[in-house]
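Engineer: give me a 3D structure for the following:
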Amino acid sequence: MSYHHIVAAYDGSKASNKALEQAIKLVESNPGSRLSVAHVVTRPSYAIAGYGLILPEGYEEKIKEYQDSLVQQAQDKIANLAYAKVVILGGTPSSAILAYAKENNCDLIVIGNRGLGPIREWMLGSVSHHVAQQAQVPVLIVK
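Structural biologist: Okay, the predicted model is just below:
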């Protein structure tokens, strides 16, 4: 099957690296296909019902450095592709990926499966599970 615009979710994990490798193979086998590598930045809440959390000095800078290194890793992996880019999204990962795919007419979402296990997935949910359930286009979940 031929795809015109693929979005691959990337968070630097082993599963997302495998997913990105698969997305790259799909794009390489379909000349003219585009690839967007989506990295979602989620900022945790630092206050709960009137209670705050004091962050260690330099915390925000460390987070920024880590995010930048992930983006650079993704850019290095797609450097040889003619129509590929890394996009940084904000919000909850599943919602951000789904919104990007819809707004940019992506016809395939490639995402890694973290393998939380049945109990943790039931309790916490899974980004890949939510994306697969809510997507309007095919989703390839890579193990």
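Engineer: low-confidence ranges in the protein?
Structural biologist: Across the chain, the ranges flagged by pLDDT under 70 are 43-55, 115-125.
Engineer: strands along that one, start to end?
Structural biologist: 5-9, 34-41, 47-48, 51-52, 84-90, 108-112, 139-142 (DSSP state E).
Engineer: contact partners of the fifth one?
Structural biologist: The reference is to strand 84-90. 10, 27, 34-42, 67, 71, 74-75, 78, 96-97, 99-100 (C-beta atoms under 8 Å, 6 or more residues apart in numbering). Just so you know, the C-beta spots here come from the backbone N, C-alpha and C atoms, and that holds for glycine as well.
Engineer: that older thread, quick check: which of the strands of the chain is nearest to Ser16?
Structural biologist: strand 108-112 (4.3 Å; C-beta to C-beta).
Engineer: who does that closest one pair up with?
Structural biologist: Looking at strand 108-112 with DSSP bridges, its partner strands are strand 5-9 (parallel), strand 139-142 (parallel).
Engineer: out of those, nearest to Ala82?
Structural biologist: With distances scored as C-beta to C-beta, the stretch of those nearest to Ala82 is strand 5-9 (13.4 Å).
Engineer: can you state the direction angle for that closest one and strand 34-41?
Structural biologist: Here the directions of strand 5-9 and strand 34-41 differ by 30 degrees (axes from the mean of the first three to the mean of the last three C-alpha atoms, to 10 degrees).
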